[in-house]
Structures are given as structure tokens and as C-alpha cells.
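**Student:** show me how the following folds:
(chains A, B and C)
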Amino acid sequence: MRTPLFILLEVVFGAALYLLFRKYGNDYVFFAGYTVLQYVVLATAWNILGGYCGYVNFGSAGFFAIGAYSSVFLYTVGQSLDDLFSEHTAGLLHHIFPIPVPILIVIGGVMAGLVGLGTGYLTLRLRGVFFAIATLALAVVLETLVVNWQFVGGSRGAYVIPPAKVPVFGPYIQYLFVLMIILTIIALTIARLIERSRLGMGFATIRDDEMAAEACGVPTLRLKLIATVVSGALMGMAGAPFPFYIGYVDPGSAFNLSYAVNSIAMPMIGGTTSWVGPLIGAILLGTLQQVATVTISSVANLLIVGLLLIGFVIVAPKGIVGLWEDWINKWRAKP
Amino acid sequence: MDVNLLINAIIAGLLLGGFYAAVTAGISIYAAVTAGISIAFGMLDIVNIAHPAFIIIGSYIAYIVNTKLGIDPIVVSIVALPAFYALGALVYQVYYLSFEKRGQESLRGLAFFFGLLFVTEVCLLLVFGVDYRSVDAPYIGSSLILAGFEFPYRLLVPFLVSMAMFLGLQLFLSRSFIGRAVMAVSQDPLALRLMAIDPTRIKRIAFGISIATASLAGAFLIIIQPVIPSVGRDYIGRIFAICVLGGLGSLPGTLIAALLLGVIESLTSTYYGPSWAPAVSFGILLLTLAVRPSGLLGR
Amino acid sequence: MNAPLLQVDQLSKRFGGFVALDTVDLAVAEGERVGLIGPNGSGKSTLVNCICGTLHNEAGSVTFAGEKLDGMIAHERTHRGLARSFQLPRPFMSMSVAENIRVPLVYTVNARHGAQHLSHAELDDRCHELLALVALEGKARNSPRDLTQVEMRKLELARAMAADPKLLIADEAMAGLSHSEVEDIVALLIRLNERGITIIMIEHIMRAVMKFSQRLAVLVSGRKIADGKPDDVIKDDEVVGAYLGT
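**Tutor:** Numbering: from 1, shown residues only, chains lettered A, B, ... in the order given. So this is what the prediction gives:
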């Protein structure tokens, strides 16, 4: 399928989803749908580095929080322009602030991409495990920084009050939902484009055998950095609208471990070699958690995710997509 | 600058560093083996990132026995050593059969250990909740005053036992047959092939020992500070900063790095406040990776 | 005489206290077929790794086609015309045999050509041609897992050749193969040489080395102890001593 057609299909599907929710759903459905789509973006982003290149990022929560907190920062700046700047400057800045959410998404993406570039540059030249460890520690330290940064609320957290209604969309959550659909379309399209390009081939050689890749002329460090930046930026973009979604952000919610766990578990359970895997994994696990959070406790549903992750990596290393392909092959092999 | 404050901070840091050394020793042992083996076979380079989870399990076991029966947490952890060794061997066996033997790329192995870390934390959370738990021992709360400087027993006792454990490990690895086999694997991969030693067995033993140290480290941790289930994650940055700074797999390097990190952290919390302490380890980690990835004592 | 294609000058490499290479010199002229032998652990693979940039040498230098390579990353050396095959074949397991060949075509040949890179059809032609060269056309769509030992070695060589190298280093391309399979690979390497590619062959199988090499160098404990006409070298006392352990 050609890319324009693929994008068209995505748009049609996204629009159908929105209209369906609008017709039959209530605000809760939009809230739940937003969360699931956010996981689709996170899982797809993680998979670009993790699934395609084989480099594990444990710090998804950190990248997500960079996006969230760059929004909180700019929102807070917008709220206190008159205190921060001289009258003249503030007057000018009032034209720019409050910054619309789509632009905040771009800014969050850039910030997270830059952090990804820095971390990657320092650690990707070394054995893979160093990168994994660095990302693990990155989330903890970013959280420390935010806890100590009073301007964005420190450990107390910060309130971000979105307008109740937006023109055209009506309730604010519907507007955010549409933004998340667009973000999902962007993420899936990028993942699919990479998969089918020479970049994707290069990523696969890195995952299979880095030394052989170098010997074939693949510039491995450059490709790994590209993957880290794209993956980190998408995670930051997923995090940028979060403060407006939740209304009150504290380090505990923005750096929540469930982002790190889910963004690994979803591709692993869905399948890591194509864009379909993270999508399936995120929809299944995301929906399951939305249901389970209501019916059982939220801690218990994280336990389910953890056990599913362990179970799948041991029993079905290729994920649901792999199981499906095996089943199809078996079925075809039958006379 | 108040000199007394400075020196007390350094003392606390050194004592804390001793504890970090104990915490990190486990990883170092296993890293020594994996480093060696990955050279030999160009295989997986997995470092057990679930290590902090086992430490926290150690803390909670010490907590349960201590509060129910009043036994000293360190004694509890020593009694629990064989159980932890067995647990380590079991985890390695699962890991070996599911990933190493199948030749799976390291991606899934890392995800497996991450899953273990996470599931342990959630289970502890479900059982014990988010309250801080601590232990009772006669030496907690008082300090030894020596030449006008303060040595809190809560730090001093774990420090001394850590050093004893460290010395014991070093002796075991350099003197005993199995210990030497473990080290030989890491230092001379060729010898391994020539002597036809089963690398799986060596790795299983090393992993068992590595997890056994977590039992002691867990008891030290809960003596030093009250514990909640998520504390394991806070230690990940520290543990790996020390491992990397010490040069993965070198026990003496680990000790020096641990003492260094302890002092820097203690100085940071004394002068800038404890909420900044976790950032120190990451700073050191990144700096080491950027400047000297082979570690302090590396080549 | 022209400057040699590859000039290794006083190359040294240590691993901790262990000296793997000790001031090794080696010059290879364009179009030459050089054999490199030595007992296990004598530093042959370390030498290859230092030449190809997988390892970095502490002292000495590697000059290739008039350019100093020291400090250059491995993939850039490949771009400049240095290709190698690995001792244990390392195909990309998630790709088909043909896709394996495509990687160097896309990442080295196309990178060299710059703007006028190969079209899809040209890539397919090249792929087919290279597979035909090693008689693997029939397995183009297979996974490397389906290949036999000897086919795996051939894929390894074809992939190295796909980078269109000036110099090919074949690192023990024949270990573990049967008599006729060895003949097969030697014939292949000679064929490649006749197309103008300079080849260094690292090998244990003396029959193959003697048949292939125009010149023979011997490495023992990280030092080069002999270098010259194959017939003279194997009669050299020091070489005989090193091999027979006297």
C-alpha cells in the first residue's frame, strides 16, 4: 500500500472513531480513548528504537514528562507574564501566550528529542546495556530536577486550567482527543515509513548484528541517534497535551512508572518487528487497563501488565503478530 | 565553611559508600562473568537490572522477621543467604532456558529483568502498601563519638559488615576453586574454552552469589533508612553509576567508586538538601560514560 | 614500484597486560593474493580487526590506498573499499539471503555514488549477479537459517563482495568445510582476484593457503616472523619451529 493511501485510511478511520464517540459516547469515553491513543503513540515511539534497532529504552516516562513539563512551564510563564517581564515585553508576549496546544506539542517533541540526542550521543557508542541503564537513571534524575524546580510546582505539582469549551469541538476533551488522533496518525505513519525505507533496513542490521552492519558500511551510530531522537520526540509529543488533559500535574503523575512499563510491554506483547505490533498491544492492554482500573484497583492492573510482559517474552517472543503469522503458516501448510 | 560539618558529612558519606559497595558487589560479580563471556562468544551482554528488586525483598524479609520475632536484621539476612542463592540460581535457569539458550537478542532478556523488577515492586505494594517500614535493633539511633566526630551506628554497623562481606567475596573469588573459575571466565575467556568449563554452570553460580549478596544489602538498606516498595528504583541510578564508574566487573574498582559516590552524595545533601541526592549519581554516570567508559580502574 | 594498496606499519595492540600484536608490518600490493597464517591466538583476527576498524590500535598505523585510516570508524573504511568476511558467518538473521546482499549495496555502493545511486532494478541486477557468483541464486528468498555451512560462508563472501571492495580480507572462510567445499571456496577467491580484487586470506588449512597465496606471512604470538614466497616460508626454521612447537 502506498503511503498517501495509508494516511488516507488512517484519517478515515480516525474521523470515524471521533464521530462514533461523539454520537454514542459521553465524556468518559473520550477520556478513556485519549489514554489508549496516548499509549499507541508511546508504544509506537518506543518500538522505533526498541523493536527496530534493538536498543531498550526504560526511560519512556522521562521523555513523556519532558513533554508534559515543557507545557507546564510555558503555561506557567503565560500565566505570570506581567510578573516576569517589563510592561512593554509582557504586552508583546500577550500576543503569543497562551501558546496553543498543537504548538506546545511541537515544542515538547523538540525538547524530548534533544534530551534523547544528548543521552544517545554519550551512551550509544558503548555496549547496548549502557544505554538501557542510562535511560533507567534518566527518568529518576529528571524527576529529581522537577521536584526541586519550584517554578513548575516542585513536588506539590501545578494546576493547568484548560478552557471548558473550544469552538467547533465543544468540550475541551474532544479537542484533545482529536489532537491525539492526529498524533497517532503521525506516529504510525512515521513508523511505517521507516520500516519500508533504507533507514528501516539499516535499523534491522543494527538489531541483528551491529559488527556485521558496520562491516557492510552502515553508519550505525548515526542511525541509532536518528532512532533515539525520533522515538524520544514522539514520546515528548505524547506528553505535551497531558497537563491539559489531567488538569493537575505533579512529578508522580508525569513520571509515572506505568508509562515506562506499558511502552515496553505493549510492543513486546503485540510484536516488535512492525508498526502493527505496538498498535495491537496498545489497544489491547490500554483498553484492558481502562476496564480493570474501574473494576479492580489500578495497582492490580499494573501487576497484570508486568506478568503479561514476563509471560510473553518467555513464551511468545514474537508477540501476538508472531503468533498470528505462525498460525497462518501452519494453516497454509496443511494440505 | 564549618569544618566539623564538612568532616561529619564526609564520614557519613564514607559509611554510606560502604553500604553502596555491598549493594553493588552483587552486580559486579555477575557483570564480571557476563563481560568475560560476551567477549568469548560475542553473545549477550545482559546485566541484571532487577537486582534492586532482590535487595528490596531482602529488606522486607528482614522487616517481617524483625518485627514478628525481634531478631537482628543482619542475622536474618545471613540466615536467608542460601535461600537467596537458590532464588538467584533459579532465576538464572529460567533466563538461560528462555533467552540465552535460544540465542534471543538481548532486548527480550532486558525486558524480562525489567518485568521482574516491576512485578516485585507492585507485589510489595499490594502486600505492604506505600507506608515506610523500618526495623528495630539496639544500635539504631545512637552514635559513636570519636575524637569529637560522630559515627552513627545505623551507618557504622552496615559499613563494617559490608566491608567484611566485601573482603570475604574478594577472598572467595581469588582463593577458592569455584571463585577462581568465575574470575578466570571473566579474565581469560580462552582458558574457559581450553579447560572445557561449562559456562552455564559458572554463570549460574555467579548469579546465585550475586543474588545472595542482595539479602545482606537489603538488611543494610532497612537499617540505614526506612523502606518503601519503590525505593529499589531510586537505587538503580546509584547502583549502575557505581558499576560503570568502578569499571563493570571489577570488585576493587567498585569499592572505590562506591566510597566516592557516598561522599559526593553526602556532601550534596548536606549543602544542597537531600532532594538533590539522586541527581548526583546520574551526573556521575553520564560523566563517566562520556569521559572514561572503561571506569576508574579500567584500562 | 607503486605504493602498496595496504600498508600496515609498526602496528601494536594490547588487551590489558596481554600483547596481541607487537610492531607488525605488512604491505600488500594491488592485485596481490596474500596468505596470512599462524597458530590459534597468534593475533591474526586482531590484525584483521585493527585493519577494518573493529578494534583500534594503540601504536603504529594503517594506510589504505594512500590514506591513513587510524581512528576512522569501521563503516567509513568499508566505504573506502575495505571489505571483510567474518570467521564465524554473521548474516542478518531477520533478512532473506538477497536482502543480506542488498545492505552493502545500499549503504556502501550507493553512499559512494552519491547523487547517482543505483535504481531498484539495478540493485536487483547486482544482487542477482553476486548470488550467481557464489551459486546461491536458488536461495535468494530463503532465510540464512536454511543455509548449510558452506552456503553460509559463500553468503558471507558475497556480502563482503557486494560492497565492491578494492581489498577483501577473508577471515578463515573455510574452517570446518569438507575437502571439495574448500576447493570450491579457493576457486571462488581466485576468480574474485582475477577480477582485480586484492585478497588477504587468513587460513589454517595449509593446502588451501599454498594453492591460493602468491605470498605468505606468518604471525606468531603477535609478531610477524616470516613473509615471502610460500615455498620458502614453510621451509623457514622459525616457522617450522612455531608450528611444531619446538
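**Student:** who's in contact with A:Ile133?
**Tutor:** A:Ile133 makes contacts with B:Val47, B:Ile49, B:Ile236, B:Phe240, B:Val244, B:Leu285, as judged by Cβ atoms under 8 Å, 6 or more residues apart in numbering or on different chains. C-beta here means a position set from N, CA and C on the backbone, and glycine is covered the same way.
**Student:** now the third one, what's its secondary structure?
**Tutor:** For B:Ile236, the assignment made with DSSP: H, G, I helix; E, B strand; the rest coil gives helix.
**Student:** the bottom helix or strand of the chain by mean pLDDT?
**Tutor:** By default, I'm working from chain A. Least confident helix or strand of chain A, by mean pLDDT, DSSP states H and E, is strand A:165-166 with a mean of 78.
**Student:** report the rounded mean pLDDT for the helix or strand that comes right after that one.
**Tutor:** With elements assigned by DSSP states H and E, the helix or strand that comes after strand A:165-166 is strand A:170-171. Strand A:170-171 shows a mean pLDDT of 84.
**Student:** so what does the following helix or strand past strand A:170-171 touch, helix or strand wise?
**Tutor:** Downstream of strand A:170-171, the next assigned helix or strand under DSSP H and E is helix A:172-196. On a contact count with 3 or more Cβ pairs under 8 Å, 6 or more residues apart in numbering or on different chains; DSSP states H and E, helix A:172-196 meets helix A:3-24, helix A:27-53, helix A:101-123, strand A:165-166, helix A:220-239, helix A:242-246.
**Student:** contact partners of stretch C:116-133?
**Tutor:** Contacts of stretch C:116-133 (Cβ under 8 Å, 6+ apart): C:97-98, C:101-102, C:105-106, C:109-110, C:137, C:139-140, C:158, C:161-162, C:188, C:191.
**Student:** now that stretch: buried residues?
**Tutor:** C:Leu123, C:Arg126, C:Cys127, C:Leu130, C:Leu131, C:Leu133 (16 or more other Cβ atoms under 10 Å in any protein chain shown).
**Student:** which SS class is the residue positioned nearest the centre of chain C?
**Tutor:** In chain C, the centroid-proximal residue (Cα atoms, centre = their mean) is C:Ile169; its distance is 1.3 Å. In three-state terms, and counting by three-state DSSP, C:Ile169 is strand.
**Student:** just to revisit the earlier point, partners of the least confident helix or strand of chain A, with directions?
**Tutor:** Counting by DSSP bridges, the strands paired with strand A:165-166 are strand A:170-171 (antiparallel).
**Student:** relative to the whole chain's centre, how far out is the partner strand?
**Tutor:** Its chain's average C-alpha position is 25 Å from that of strand A:170-171, according to Cα atoms, centre = their mean, to the nearest Å.
**Student:** might you enumerate the residues of chain C proximal to chain A?
**Tutor:** C:52-54, C:73-76, C:78-79, C:83-84, C:86, C:90-95, C:99, C:102-104, C:106-108, C:111, C:159-160, C:162-163 (Cβ under 8 Å from any Cβ of the partner chain).
**Student:** 7 Å instead, please
**Tutor:** Proximity of chain C to chain A, by Cβ under 7 Å from any Cβ of the partner chain, involves residues C:52, C:54, C:74-75, C:78-79, C:84, C:86, C:90, C:92-95, C:103-104, C:106-108, C:111, C:159, C:163.
**Student:** neighbours around the residue lying closest to A:Ile161 once chain neighbours are set aside, how many?
**Tutor:** For A:Ile161, ignoring the flanking residues on the chain, the nearest one in space by Cβ to Cβ, 6 or more residues apart in numbering or on different chains is A:Gly247 at 6.8 Å. Using other Cβ atoms under 10 Å in any protein chain shown, A:Gly247 is surrounded by 11 other residues.
**Student:** and what of A:Ile107?
**Tutor:** Look at A:Ile107: counted by other Cβ under 10 Å, it has 18 neighbours.
**Student:** need the pLDDT of it.
**Tutor:** pLDDT recorded at A:Ile107 is 96.
**Student:** ok, now which ones touch it?
**Tutor:** Residues near A:Ile107 by Cβ atoms under 7 Å, 6 or more residues apart in numbering or on different chains: A:Ser70, A:Leu74.
**Student:** distance of the residue most central in space within chain A from chain B?
**Tutor:** For chain A, the residue nearest the mean C-alpha position is A:Leu42 (2.3 Å; Cα atoms, centre = their mean). Distance from A:Leu42 to chain B, counting by Cβ to the nearest Cβ, to the nearest Å: 15 Å.
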